[in-house]
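Engineer: Just to be clear, the model below is a prediction. Sequence and coordinates:
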There are 2 protein chains.
Amino acid sequence: MLEKIDLKKDLDKENYKAIMEEADAKLGRLQRACREKGIPIIILFDGYGAAGRGTAISRFIEPLDPRGFTVYSTAETEEDKYYPFMYKFWKMTPAKGRINVLDGSWYRILLEDKFAGKVSEKLQQSAPDEIVEFERVLTDDHVLIIKFFLAISRKEQKKRFKKLEGNKTTAWRVSKEDWKQNEKFDEYTNIIEEALRKTDTENAPWNIIEAEDKEFAAAKIATTVVDRMEEALADYERRQALPKVSAEESACIKNDPLRASALAGVDLNKSLTREEYKVRLKELQKELAKLHGELYMRRIPVILAFEGWDAGGKGGAIKRLTQALDPRGYEVHPTASPNDIEKAHNHLWRFWTSIPKAGHVEIFDRTWYGRVMVERLEGFCSEDEWRRAYKEMNSMEKNWADYGAVVLKFWMQIDKDEQERRFTERQNTPDKQWKITDEDWRNRAKWDQYEVAVDEMLVKTSTTYAPWIIVEANDKLYARIKVLETVVETLKERLK
Amino acid sequence: MLEKIDLKKDLDKENYKAIMEEADAKLGRLQRACREKGIPIIILFDGYGAAGRGTAISRFIEPLDPRGFTVYSTAETEEDKYYPFMYKFWKMTPAKGRINVLDGSWYRILLEDKFAGKVSEKLQQSAPDEIVEFERVLTDDHVLIIKFFLAISRKEQKKRFKKLEGNKTTAWRVSKEDWKQNEKFDEYTNIIEEALRKTDTENAPWNIIEAEDKEFAAAKIATTVVDRMEEALADYERRQALPKVSAEESACIKNDPLRASALAGVDLNKSLTREEYKVRLKELQKELAKLHGELYMRRIPVILAFEGWDAGGKGGAIKRLTQALDPRGYEVHPTASPNDIEKAHNHLWRFWTSIPKAGHVEIFDRTWYGRVMVERLEGFCSEDEWRRAYKEMNSMEKNWADYGAVVLKFWMQIDKDEQERRFTERQNTPDKQWKITDEDWRNRAKWDQYEVAVDEMLVKTSTTYAPWIIVEANDKLYARIKVLETVVETLKERLK
């Protein structure tokens, strides 16, 4: 793949000047057009050591309006170690209309880190798929991803390292790792080829740049970006021309009596007496408090997700958990409709960027599953979007679990009568009136449709690494104890 | 101050239960009321080692809806060292309607850090004023700040340390520093008393909590918060009842011929030939590139702020700077109207949270000075707000400069005729039409009012540590070179 390429290719001055003048003029215009259409763009630069990424980035951004792009350095920091590998890169995904240029990228794990022997066998196996999936989630959401790999020969690299070392102000830039790369150049090239081959997808293809001649590299980079941006704009126009679909149509709710159901067999008569409740609550909270300390010491992150019918008792169950937790070690994340920054990103962005640091607990009060419930039913997203969301969310949770997170998801199940009783009680109790809104009544009117969507969600997204726990919640006391018990049992098992 | 207080105070069971029941019920209601009215609340807990902050926080938050507050741990991290001290705490200021509970606080610098000998003499001198000013900026903006200091006696502290050490799972919580605190208890008490005395202001008073009896402490904390929240709500209602003032009235623009002017004497005829420009540009960019590397090595942060008339040439000047900078070491921050998260915070929050990491350059294209220009003129803020903004912004910049940042502010000055020429050119050039909007023409109609506001701003906020540089910008070439020259000269001076 790499060895057959003539890395020395160059351009004569005249030709270079003409190409760059045209490309630069186009890039300025394309940047404005993409900003206007809200197209987010990631351009990443990987390559051999001393292949000239810094220079290439500097030259590339010259014609761009600096208010519309950001260049990110992707070197690992101390903080990164407390999060799953992709957390850092999720944070770097661009908002609509912005260009994020990355010096290095998530490919570090398949390239430099792997070469340096820093990556476990297990992670080496799973990382290529995770990366392909990550890019797929973004490009499905119409993020334009442009990937460059800057290639030079072993001889050229050696020459450049020596030149850098020969100058007092640049000598620090050549490390032992760099020299190791040059010494074992073929071995490293094999690693690169494998990484590129596994991640060269139709939606996010690799562009290998012959980088021995800087001007040739600059010209190829600029014209590649021009082509890809033009394609993205054409694609945008095509999408605009598609016929509009009604919310009802895109929601595809059919009450098929043969559909798989997770809720059908749930016994909502389960209950506890106030006395049983008090005793168990005290025991479990005491245990949980102790486990929380151990989690912190052993740096295990915990993600607890709560969904359920309105008035299903999420708030009460969360409170019984947090009462037992050290407030410095947990956070409750209330999920409302996305704000304008959140809307400008992928639907998973606001959850990825809210996951707990290792050793902490994050409790989500409503979650990423809004996409396959309210967003599906109200037509806030397209059929394509909610259909692919199951897989996206499974992958996201797998990513967290692989990093070592405990992921539990609770569905608070009540029946229609119980909900009405609670709604009415809320309306008649002055201190609870704030809990009930017109929207709650509107959602209630769609109970049957929601039930179809919820069942589909529970069936498709309950996994061994991030299971759904259906909580029989007609009796609040029983429900709270079941949640606490599940959390305590799961943590005990993990801490064994 | 501390020694005269009876730290052993307690409550009988009955009394405690009655007080807490009432306070907890009130806190739930007050939290909802403050959320509804958009009142942001900071509650911070400082105190002697082992005074029971963790327990106090846990008990305090019990009656609160966990979706409406966040508890922050404030221990210093590696990352903190790359930013001015207050950066971390600005990030922790609450959005409207939220409660942020801080375990420890910015007082660390006057308490633990000072006792440990970690704070320079200079910082010890300036920190109390900086803190008072920080709190003043927030409370002026109607943030409720509640400060608790938990006090116990030397004897009680010793007892608690021993108890912690006696238990295998808690022994790690007692450090050498803690024991030092107990050994030199009087010395530390003096430090505390000095800190409390200097920062006990009317707008953000200290509450000393007798903390030997946990129940007494819990009751005093809860009732104090109830009182302060009730006051804040009453204050909110008072403000709502104030008569509305028109934008024109609150802007207070008077074209007094005797007013101080920074713009009156500016010679806009200054210019350069294309040849002079090319030569100087090349020289200066080369120098700047070199200086950028040194800045990085020496970890000096640089803040470059650009303001000026529409079409004054900010973009062009910024571009000539960024062309010379390593893209991994700078960022251009475009300042548009605040988004909804930004609107929910103090007007300085979005700038504080965007300052560069040590060794990096942040270029602000439009700035925090919007408050005393467009916001003043269009009535987007009250007279009080823009009037106190000069001082707030001077303090903010002083804070940055004291940390070691280079802060330069450029005002791009053109005359009215030149602006019209440029607007017209933009309208007639297809590739430049995007640069001109109706709003530009509307702003232009208010040129004379803007001039008064700009002059007042330049006079009031040009300081030795963050000077305004008025750039004669009728000739674009001259202007770009002046900006580059100023940056290069200032950096050279700093790096000497």
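Structural biologist: The structure has been received and is ready for your questions.
Engineer: For the rest of this, base every contact and every neighbour count on C-alpha atoms.
Structural biologist: OK.
Engineer: Contact partners for A:Thr335?
Structural biologist: Counting by CA atoms under 8 Å, 6 or more residues apart in numbering or on different chains, A:Thr335 touches A:364-367.
Engineer: Most neighbours among these, which one is it?
Structural biologist: When neighbours are taken as other CA atoms under 10 Å in any protein chain shown, the top entry among these is A:Phe364 (23 neighbours).
Engineer: what are the pairing partners of the host helix or strand of that one, and which direction each?
Structural biologist: For A:Phe364, the host element (DSSP states H and E) is strand A:361-365. Counting by DSSP bridges, the strands paired with strand A:361-365 are strand A:302-308 (parallel), strand A:330-334 (parallel).
Engineer: So what touches the shortest one?
Structural biologist: Meaning strand A:330-334. Contacts with strand A:330-334, where a contact means CA under 8 Å, 6+ apart, come from A:322, A:354, A:360-366, B:66-68, B:70-71.
Engineer: Next, the buried residues of it.
Structural biologist: Within strand A:330-334, the residues scored as buried using 16 or more other CA atoms under 10 Å in any protein chain shown are A:330-333.
Engineer: and the next element down the chain from that strand?
Structural biologist: Scanning onward from strand A:330-334 (DSSP H and E), the first element met is helix A:340-343.
Engineer: hmm, that next one in reach of chain B?
Structural biologist: Yes: counting by CA under 8 Å from any CA of the partner chain, chain B has neighbours in helix A:340-343: A:340-341.
Engineer: Show me what the mean pLDDT comes to for that helix.
Structural biologist: Mean pLDDT, helix A:340-343: 92.
Engineer: where does chain A come near chain B, residue by residue?
Structural biologist: For chain A, the residues in contact with chain B (CA under 8 Å from any CA) are A:29, A:54, A:57-58, A:62, A:65-68, A:70-73, A:78, A:103, A:319, A:322-323, A:326-328, A:331-334, A:339-341, A:365, A:431.
Engineer: could you flag which of those are buried?
Structural biologist: Listed as buried from the residues of chain A next to chain B are A:29, A:57-58, A:62, A:65-68, A:70-72, A:103, A:319, A:322-323, A:326-328, A:331-333, A:365; burial here means 16+ other CA under 10 Å.
Engineer: got the CA coordinates for the one helix or strand A:Arg426 maps to in PDB?
Structural biologist: Of the helices and strands defined by DSSP H and E, A:Arg426 is found in helix A:416-428. Extracted C-alpha coordinates of helix A:416-428, given in PDB (Å, rounded to 0.1, in the frame of the first residue of the first chain):
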ATOM      1  CA  LYS A 416     -52.100   3.500  33.000                       C
ATOM      2  CA  ASP A 417     -54.400   3.700  36.000                       C
ATOM      3  CA  GLU A 418     -51.500   4.200  38.400                       C
ATOM      4  CA  GLN A 419     -50.300   7.100  36.300                       C
ATOM      5  CA  GLU A 420     -53.600   8.800  36.300                       C
ATOM      6  CA  ARG A 421     -53.800   8.400  40.100                       C
ATOM      7  CA  ARG A 422     -50.400  10.000  40.500                       C
ATOM      8  CA  PHE A 423     -51.100  12.800  38.000                       C
ATOM      9  CA  THR A 424     -54.300  13.700  39.900                       C
ATOM     10  CA  GLU A 425     -52.600  13.600  43.200                       C
ATOM     11  CA  ARG A 426     -49.900  15.900  42.000                       C
ATOM     12  CA  GLN A 427     -52.500  18.400  40.700                       C
ATOM     13  CA  ASN A 428     -54.300  18.300  44.100                       C
END
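Engineer: Buried residues, the helix or strand just after that helix. List them.
Structural biologist: Scanning forward in sequence from helix A:416-428 by DSSP H and E, the next helix or strand is helix A:438-445. Buried residues in helix A:438-445, counted by 16+ other CA under 10 Å: A:443-444.
Engineer: Over to stretch A:91-101?
Structural biologist: For stretch A:91-101, the neighbour count (16+ other CA under 10 Å) marks A:92-101 as buried.
Engineer: Likewise for stretch A:456-471?
Structural biologist: A:456-458, A:461, A:465-466, A:468-471.
Engineer: Repeat that for stretch A:136-147.
Structural biologist: Neighbour-count burial for stretch A:136-147 [16+ other CA under 10 Å]: A:136-139, A:142-147.
Engineer: now do stretch A:367-378
Structural biologist: A:367-377.
Engineer: For that stretch, the averaged confidence score.
Structural biologist: Mean predicted lDDT for stretch A:367-378 stands at 96.
Engineer: Likewise for stretch A:172-185?
Structural biologist: Mean pLDDT, computed over stretch A:172-185, is 93.
Engineer: Spell out the residue ranges of the strands in chain A.
Structural biologist: In chain A, the strands defined using DSSP state E lie at A:41-47, A:69-73, A:99-103, A:144-151, A:206-210, A:302-308, A:330-334, A:361-365, A:406-413, A:468-472.
Engineer: A:Pro66 - nearest residue in space that isn't next to it in sequence?
Structural biologist: Spatial nearest neighbour of A:Pro66, excluding adjacent residues (CA to CA, 6 or more residues apart in numbering or on different chains): B:Val332 at 6.0 Å.
Engineer: Tell me the bridge partners for the one you found.
Structural biologist: B:Ile363.
Engineer: quick one: it from A:Ile318, how far?
Structural biologist: Distance of B:Val332 to A:Ile318, computed by CA to CA, to the nearest Å: 42 Å.
Engineer: Tell me the gap between stretch A:105-116 and the middle of its chain.
Structural biologist: 19 Å (CA atoms, centre = their mean, to the nearest Å).
Engineer: What are the buried residues along it?
Structural biologist: In terms of neighbour count (16+ other CA under 10 Å), stretch A:105-116 has its buried residues at A:105-107, A:109-112, A:114-115.
Engineer: care to break chain A down by domain?
Structural biologist: A:13-241, A:249-495 (automatic domain parsing).
Engineer: Just tell me which of those domains ends up closest to B:Leu11.
Structural biologist: domain A:249-495 (23.2 Å; CA to CA).
Engineer: What's the end-to-end length of the closest one?
Structural biologist: End to end - CA to CA - domain A:249-495 spans 47 Å.
Engineer: And the pLDDT at the residue nearest to A:Val71 when sequence neighbours are not counted?
Structural biologist: In space, and not counting its chain neighbours, A:Val71 is closest to A:Val101: 4.6 Å by CA to CA, 6+ apart. Looking at A:Val101, its pLDDT reads 97.
Engineer: Enumerate every residue touching A:Val101.
Structural biologist: Counting by CA under 8 Å, 6+ apart, A:Val101 touches A:42-45, A:57, A:69-72.
Engineer: Next, find the distance separating A:Thr353 from chain B.
Structural biologist: 16 Å (CA to the nearest CA, to the nearest Å).
Engineer: ok, the residue nearest to that residue when sequence neighbours are not counted - contacts?
Structural biologist: Excluding the flanking residues, the one nearest A:Thr353 by CA to CA, 6+ apart is A:Lys91, at 6.2 Å. By CA under 8 Å, 6+ apart, the contact set of A:Lys91 is A:349, A:352-353.
Engineer: now A:Phe410
Structural biologist: Contacts of A:Phe410 (CA under 8 Å, 6+ apart): A:304-308, A:468-471, A:483.
Engineer: ok so, going back, in TSV: the buried residues of stretch A:105-116, plus pLDDT.
Structural biologist: Output for the buried residues of stretch A:105-116, formatted as TSV (pLDDT from 0 to 100):
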residue	pLDDT
A:Ser105	97
A:Trp106	97
A:Tyr107	97
A:Ile109	95
A:Leu110	96
A:Leu111	96
A:Glu112	94
A:Lys114	95
A:Phe115	95
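Engineer: now those as TSV including distance to A:Lys409?
Structural biologist: Converted to TSV, the buried residues of stretch A:105-116 look like this (distance: CA to CA, whole Å):
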residue	distance to A:Lys409
A:Ser105	31
A:Trp106	28
A:Tyr107	31
A:Ile109	30
A:Leu110	32
A:Leu111	35
A:Glu112	36
A:Lys114	34
A:Phe115	38
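Engineer: Distance-wise, check whichever residue of the stretch 251-400 of chain A sits closest to chain B relative to B:Phe69.
Structural biologist: Closest to chain B within the stretch 251-400 of chain A is A:Pro334: 5.2 Å, counting by CA to the nearest CA. Using CA to CA, one gets 10 Å for the distance from A:Pro334 to B:Phe69.
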